[in-house]
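> Provide a 3D model corresponding to the input given below.
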Amino acid sequence: MKNRHKQFQPRPLHYVTLLMILLFRLAKFTFAFLPIQNHNIMKMQHLRTIEDSKMFGATNNDSKEYSHGLAILRMPSTSIDRIANEAILETAVLQTKKLSVILRSSESVISLALLRRYVGEVYSTLWDCAFRSDASEFLNVVVYPQNLPNTAPEQWIHLREDLDMVCSHDSICGWFSDSASGRGTMFSATEGLGGLKDHVAALNTERQNRGLLPVEALQVDPWPKGSNENFLKENNVMFMDDEGLEAWPMTARNTNSNLSTNEDERKTFSFLGGARIDSKSLFNKVCVGGTFDGMHYGHRKLLTLAVSSVLPQTGTLLIGVTVDEMLKGKKYADLIPPLHQRMDNVREFLYRLAPGMKNRIKIMSIRNSFGPPGSPTKEGENFDALVLSHETIENGHLLNLHRVNKLGFKPLTLLCTRRT
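Sure, this is the predicted structure:
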C-alpha cells in the first residue's frame with residue numbers, strides 16, 4: 001500500500017523564503033541591541049541637516065527671485081579664495097533658477113591642469129551648497145574658468161538676454177572700470193568706493209548699447225571674516241591647509257617678521273618619508289576647544305591638524321571639552337553625549353592617531369568660552385597657538401582681545417582650517 005502522506009520536499013523558492021525570514025529576524029535582533037548613543041548621534045546629525053537647510057533658506061525654483069544669475073569667483077588656490085567662493089555660491093544658489101559661474105585669476109599664467117582641478121572643486125562646492133539649501137530641483141549651472149580651452153568667455157555671458165543678476169564681492173570685481181572686465185586689485189586688502197556696483201554699472205552700459213535689460217548686483221551679506229584680508233592680518237591668522245606663504249593673508253606676507261622666502265634661513269625638521277616642515281608652522285603650546293559631540297569627520301580633521309602643529313618632542317597639546325552645563329541652551333542638547341564620554345572619544349581618537357604624544361596631550365573640561373588660554377596664569381600665558389575652523393574665527397579674535405587687553409599677554413597665532 002502506497003504511503004498517502006508524501007514527505008515534504010522543500011523547493012528552492014522555499015529556501016529563499018526561509019533565508020529571508022531568518023535574515024529579517026537577525027536584523028531585528030541586531031538593531032535592538034545597537035548602542036543607544038550611536039542612534040542619538042545619527043538623529044542629531046539628521047536634525048542638524050534639517051536645521052542647516054532652514055538656515056540657508058530651503059526653497060524651490062518657483063520662489064527664486066532671478067531667472068539667470070552670474071556668480072564671479074576667485075580661482076580657488078587658497079583657503080581665503082575658497083571661503084569667499086562658498087559665501088558667494090551660497091547666496092546665489094538661493095536666489096536664481098539658473099547660474100553661470102566665472103572663475104577669475106589674478107595670475108597671468110595658470111596651467112590647464114589647475115583650471116581643470118578648479119572646475120571640479122567648484123562643482124563640489126556647488127553640490128554642498130545645494131544640499132544645504134535643500135532645493136527641490138537641481139540647479140541648472142555651468143562653470144566657466146578663465147582661459148579654459150573652447151569655453152565661452154565672460155563677456156559672452158554678460159550679454160545673455162535672460163541674465164538679470166550678478167553676485168560677487170568688491171575684492172573680486174572691477175574698480176572704476178569703463179568696461180565689464182575690470183579687476184578688484186584695489187580691493188585685495190580693503191573695501192571702498194567701486195567694486196561690484198561699479199562693475200555691474202559698466203556691464204549695464206554694455207547691455208544698454210545692445211538693447212538688453214539691466215542686471216542687478218547681489219551682495220553677500222555678511223562677508224565672511226575668513227575671507228577678510230584686514231581681519232586676518234590683524235588677528236595673526238594662518239591657514240593650515242595652504243602651502244608656504246599662501247597660508248598667510250596677502251597683506252601679511254610682506255610685513256610679518258615670521259615669514260621668510262630665503263630657504264637657507266628657514267629652520268626645518270626632517271621627518272620619516274622625507275617631508276620637510278617649516279618650523280614656523282609648528283608651535284610649543286597649542287590648544288583647541290569644542291563640544292566634540294559625535295566625533296564627526298570635521299572634529300577628526302580639526303584634531304589631526306592640531307596634532308600636526310605641535311613641535312616634536314617638546315611641544316604640548318591641550319584639548320578643552322565643554323562641560324554639560326554649557327550645552328543646556330544648545331539645540332538638541334538632550335542628544336549630546338555626557339562630558340566623560342565625549343572626552344573618552346577624543347582621547348581614543350588622539351591616542352590612535354598619535355600614540356607617541358600620549359605624555360604631551362592633555363584633555364580637560366572647560367567651563368567658559370576662553371578656557372586655559374584665557375586664564376591669568378603662567379600656563380595661560382605660555383600658549384602660543386589656537387586651532388579653529390573659519391566658522392569660529394571670531395571666537396579666536398575675542399580670546400586674543402581678552403589676552404592682550406585684560407591679561408597683558410601676547411596674542412595667539414590663530415591656526416585656521418576650512419569647515420568640513
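> buried ones in the host helix or strand of residue 232?
Remark: residue 232 resides in helix 229-234, with elements defined by DSSP states H and E. Using 16 or more other Cβ atoms under 10 Å as the test for burial, helix 229-234 gives 229, 231-233. Bear in mind the C-beta positions are built from the backbone N, C-alpha and C, glycine included.
> shaky segments in the stretch 1-150 of the chain?
Applying pLDDT under 70 to the stretch 1-150 of the chain flags residues 1-63, 106-108, 133-138.
> ok, which stretches of it are strands?
66-74, 96-104, 140-145 (DSSP state E, counting those that start in this stretch).
> Nearest to residue 324, out of these?
Taking Cβ to Cβ, strand 66-74 is the member of the strands of the stretch 1-150 of the chain nearest to residue 324, at 41.8 Å.
> on contacts alone, who are the packing partners of that closest one?
Contact partners of strand 66-74 among helices and strands, from 3 or more Cβ pairs under 8 Å, 6 or more residues apart in numbering; DSSP states H and E: helix 79-93, strand 96-104, strand 165-168, strand 216-219.
> picking that back up, other SSEs contacting the helix holding residue 232?
Against helix 229-234 (3+ Cβ pairs under 8 Å, 6+ apart) you get no helix or strand.
> What strands line up against the very next helix or strand once past it, and which way round?
Using DSSP H and E, the helix or strand that follows helix 229-234 towards the C-terminus is strand 237-239. Using DSSP bridges, the strands paired with strand 237-239 are strand 413-417 (parallel).
> Can you give the contact residues for the partner strand?
79, 226, 235-241, 283, 286, 301-302, 305-306, 309, 384-390, 393, 396-397, 400 (Cβ atoms under 8 Å, 6 or more residues apart in numbering).
> how many other residues sit next to residue 323?
15 (other Cβ atoms under 10 Å).
> What residues does the closest residue to it other than its chain neighbours make contact with?
Once flanking residues are discounted, residue 323 sits nearest to residue 365: 5.0 Å by Cβ to Cβ, 6 or more residues apart in numbering. Contact analysis of residue 365 by Cβ under 8 Å, 6+ apart lists 320-323, 339, 343.
> three-state assignment of residue 223?
Residue 223 falls in the coil class when you classify it by DSSP: H, G, I helix; E, B strand; the rest coil.
> and it, backbone torsions?
When quoted as degrees, to the nearest 10, the phi and psi of residue 223 stand at phi -80, psi 130.
> Give me the nearest residue to it, chain neighbours excluded.
Nearest one to residue 223, counting by Cβ to Cβ, 6+ apart, is residue 169 at 6.3 Å.
> Check residue 289 too.
Per Cβ to Cβ, 6+ apart, closest to residue 289 is residue 320, 3.7 Å.
> give the contact list for the nearest residue in space to residue 152 that is not next to it in sequence.
In space, and not counting its chain neighbours, residue 152 is closest to residue 144: 6.2 Å by Cβ to Cβ, 6+ apart. Residue 144 makes contacts with 100-103, 151-154, 157, as judged by Cβ under 8 Å, 6+ apart.
> mind checking how far residue 144 is from residue 297?
Separation of residue 144 from residue 297 (Cβ to Cβ, to the nearest Å) stands at 31 Å.
> Present the buried residues of helix 229-234 as a markdown table; the columns should include pLDDT.
Shown next, in a markdown table, are those (pLDDT from 0 to 100):
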| residue | pLDDT |
| --- | --- |
| 229 | 84 |
| 231 | 89 |
| 232 | 89 |
| 233 | 86 |
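> quick one: which of the strands of the stretch 1-150 of the chain is nearest residue 116?
strand 140-145 (8.3 Å).
> after the closest one comes which helix or strand?
According to DSSP H and E, the helix or strand after strand 140-145 is helix 154-158.
> Kindly check the end-to-end length of stretch 330-340 for me.
The first residue of stretch 330-340 is 18 Å away from its last residue (Cα to Cα, to the nearest Å).
> Would you mark the buried spots in that stretch?
So stretch 330-340, judged by 16+ other Cβ under 10 Å, has buried residues 332, 335-337, 339.
> Among those residues, name the ones in strands.
Under the assignment DSSP state E, the buried residues of stretch 330-340 contribute nothing to strands.
> Turn the residues you listed into CSV, including pLDDT and distance to residue 87.
Output for the buried residues of stretch 330-340, formatted as CSV (pLDDT from 0 to 100; distance: Cβ to Cβ, whole Å):
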residue, pLDDT, distance to residue 87
332, 73, 26
335, 79, 29
336, 85, 28
337, 89, 32
339, 93, 34
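> Now do residue 371 against residue 102, distance only.
Taking Cβ to Cβ, one finds residue 371 at 43 Å from residue 102.
> Between which two of the contacts of residue 365 is the distance greatest?
Checking the contacts of residue 365 with Cβ to Cβ, the most distant pair is 320 and 339, at 11.4 Å.
> Give me the below-cutoff pLDDT ranges for the stretch 201-350 of the chain.
In the stretch 201-350 of the chain, residues with pLDDT under 70: 244-279.
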